[in-house]
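Colleague: below are the sequence and a predicted model; questions follow.
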Amino acid sequence: MILSIESSCDDSAIAITDIATKNVIFHQKISQESEHSVYGGVVPELASRLHAVALPRILALTKEYFPKLKAIAVTNEPGLGVTLMEGIAMAKTLSFALNIPLIAVHHLKAHIYSLFIEKESLLPLVVLLVSGGHTQIVRVKSFDDMEILATTMDDSVGESFDKCAKMMGLGYPGGAIIESLAKDGDCSKYALPVPLANSPLIAFSLSGLKNAVRLLIESLGGANMSHQDKCDVAASFQNTVLLHLLQKSKKLLTKEPIKNIAIVGGVAANQYIKIGYEKLCNSLGKKLHTVELRYCSDNAAMVGRYAIELYNNQIFTNQIDLQANTTQKHKNNTKL
Ligand code: KG4
Ligand code: ZN
């Protein structure tokens, strides 16, 4: 079994995964959403302190599996430095004390492998990765051959949902709040600009849309606007984000021979976006694969699942070299 730890942002999670069957034997996550909600976003120092309390609490529940552990896996990049360090310190200590190898897991690759939790991998795939920190389309040929085909030039999709909610005086994280308000809203009430609509670029951009939403919200009275206005703004915003994702994805997927497409990351929990993306895939003769709802947002089961690939290829790291990398460093910037 592999014990995996996730602490790249505001979720403390630990999983135990059976290497041979890929079954998740144990998974527990403690989210810090309510603690960060009052600030409208994640406060890194607070997140780090909360991990220092939550991770040992979860670890205490996994003791019975210790004799069966073959490796310790931990997210080491990308993420918040001070929160990654909490998971890494725990992983190093466990690997040293139990005398078993250490596996460093890339958070975005783990999100992609959330598709294969308790399943064999299905490759090649083209993946739309939409999270709080990233927005990318990635061509995945194998666990160590992933190419970034498109990326955001500024904010991520998840971040734009969070900011839209914050501007309307709603809590954090904003994604699920916006999705739920949008159900009672009219998505054609406000015309918002679809980003890069007339540009041939196959890239994403959310900052212009965020500014347009800010001006709209201000014109409606800010956080004091009526509940119905909030629903209409949420629906208009969500629909514009979907149109942007669809326009750019269509350009890319039309030329892409790979038939299997997937959507992963925290925003993949959004049903409206998922259904819209599925329609696009169907119209292009592609098949959309999705992640189980509980594994869309950050979790340790996906870290464990990706770690199985590294374990089977004997790709380990040592105590000294394992560091928290907050940015993505590439020899070639299209390689994930
Ligand atoms: O993948 P994730 O848990 O963390 C990162 O790796 O960033 O993604 C978190 C992001 C947040 O921005 C959150 O607002 C967004 O995913 N999110 C959603 C929904 N649920 C979570 N965005 C849109 N609709 C949702 N239902
Ligand atoms: Zn994530």
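Modeller: Done, it's in. Ligands and ions are numbered 1, 2, ... in the order given.
Colleague: give me the buried positions along the helix or strand of the chain with the lowest mean pLDDT.
Modeller: Within the chain, no helix or strand scores below helix 33-37, which has a mean of 91 by mean pLDDT, DSSP states H and E. Residues of helix 33-37 classed as buried by neighbour count (16 or more other C-beta atoms under 10 Å): 35-36. Heads up, the C-betas are built off the backbone N, CA and C, glycines and all.
Colleague: can I get it in PDB, CA atoms only?
Modeller: Only the C-alpha atoms of helix 33-37 are listed here, as PDB (Å, rounded to 0.1, in the frame of the first residue of the first chain):
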ATOM      1  CA  GLU A  33     -13.100  26.500   3.700                       C
ATOM      2  CA  SER A  34     -15.000  28.000   6.600                       C
ATOM      3  CA  GLU A  35     -11.800  29.300   8.200                       C
ATOM      4  CA  HIS A  36     -10.700  31.100   5.000                       C
ATOM      5  CA  SER A  37     -14.200  32.100   4.000                       C
END
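Colleague: could I have the next helix or strand after it exported to PDB, CA atoms only?
Modeller: Counting by DSSP states H and E, the next helix or strand C-terminal to helix 33-37 is helix 44-59. Written as PDB, here are the backbone C-alpha positions of helix 44-59 (Å, rounded to 0.1, in the frame of the first residue of the first chain):
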ATOM      1  CA  PRO A  44      -1.300  30.900   3.400                       C
ATOM      2  CA  GLU A  45       0.000  31.300   7.000                       C
ATOM      3  CA  LEU A  46      -3.400  30.300   8.400                       C
ATOM      4  CA  ALA A  47      -3.600  27.400   6.000                       C
ATOM      5  CA  SER A  48      -0.200  26.100   7.000                       C
ATOM      6  CA  ARG A  49      -1.100  26.300  10.700                       C
ATOM      7  CA  LEU A  50      -4.400  24.400  10.100                       C
ATOM      8  CA  HIS A  51      -2.500  21.700   8.200                       C
ATOM      9  CA  ALA A  52      -0.200  21.300  11.100                       C
ATOM     10  CA  VAL A  53      -3.300  20.400  13.200                       C
ATOM     11  CA  ALA A  54      -5.400  18.500  10.700                       C
ATOM     12  CA  LEU A  55      -2.700  16.200   9.100                       C
ATOM     13  CA  PRO A  56      -1.600  14.500  12.300                       C
ATOM     14  CA  ARG A  57      -5.300  14.100  13.200                       C
ATOM     15  CA  ILE A  58      -5.900  12.100  10.000                       C
ATOM     16  CA  LEU A  59      -2.600  10.300  10.200                       C
END
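Colleague: that older thread, now for the least confident helix or strand of the chain, which elements pack on it?
Modeller: Using 3 or more C-beta pairs under 8 Å, 6 or more residues apart in numbering; DSSP states H and E, the elements in contact with helix 33-37 are helix 44-59.
Colleague: contacts for the helix it packs on, please.
Modeller: 5, 7, 9-10, 12-14, 28-30, 32, 35-36, 39, 80-83, 85-87, 90 (C-beta atoms under 8 Å, 6 or more residues apart in numbering).
Colleague: what subset of these is buried?
Modeller: 5, 7, 9-10, 12-14, 28-30, 32, 35-36, 80-83, 85-87, 90.
Colleague: could you list which of those residues also contact ligand 1?
Modeller: residue 9 (C-beta under 6 Å from any ligand atom).
Colleague: give me every residue in the stretch 151-300 of the chain lying close to ligand 1.
Modeller: Residues of the stretch 151-300 of the chain found near ligand 1 (C-beta under 6 Å from any ligand atom) are 158-159, 161-162, 173-176, 179, 265-267, 269-270, 297-298.
Colleague: kindly recompute the last result at 8 Å.
Modeller: Listed as neighbours of ligand 1 in the stretch 151-300 of the chain under the rule C-beta under 8 Å from any ligand atom: 156-159, 161-162, 165, 172-176, 178-179, 238, 265-267, 269-273, 296-298.
Colleague: about what we covered before: which outside residues touch the least confident helix or strand of the chain?
Modeller: 10, 42-43, 46-47, 50, 171-173.
Colleague: want to try JSON lines for the residues you listed, with pLDDT and distance to residue 323 as columns?
Modeller: JSON lines is the format used below for the contacts of helix 33-37 (pLDDT from 0 to 100; distance: C-beta to C-beta, whole Å):
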{"residue": "10", "pLDDT": "95", "distance to residue 323": "21"}
{"residue": "42", "pLDDT": "93", "distance to residue 323": "21"}
{"residue": "43", "pLDDT": "96", "distance to residue 323": "23"}
{"residue": "46", "pLDDT": "97", "distance to residue 323": "22"}
{"residue": "47", "pLDDT": "97", "distance to residue 323": "18"}
{"residue": "50", "pLDDT": "98", "distance to residue 323": "22"}
{"residue": "171", "pLDDT": "88", "distance to residue 323": "33"}
{"residue": "172", "pLDDT": "90", "distance to residue 323": "28"}
{"residue": "173", "pLDDT": "92", "distance to residue 323": "27"}
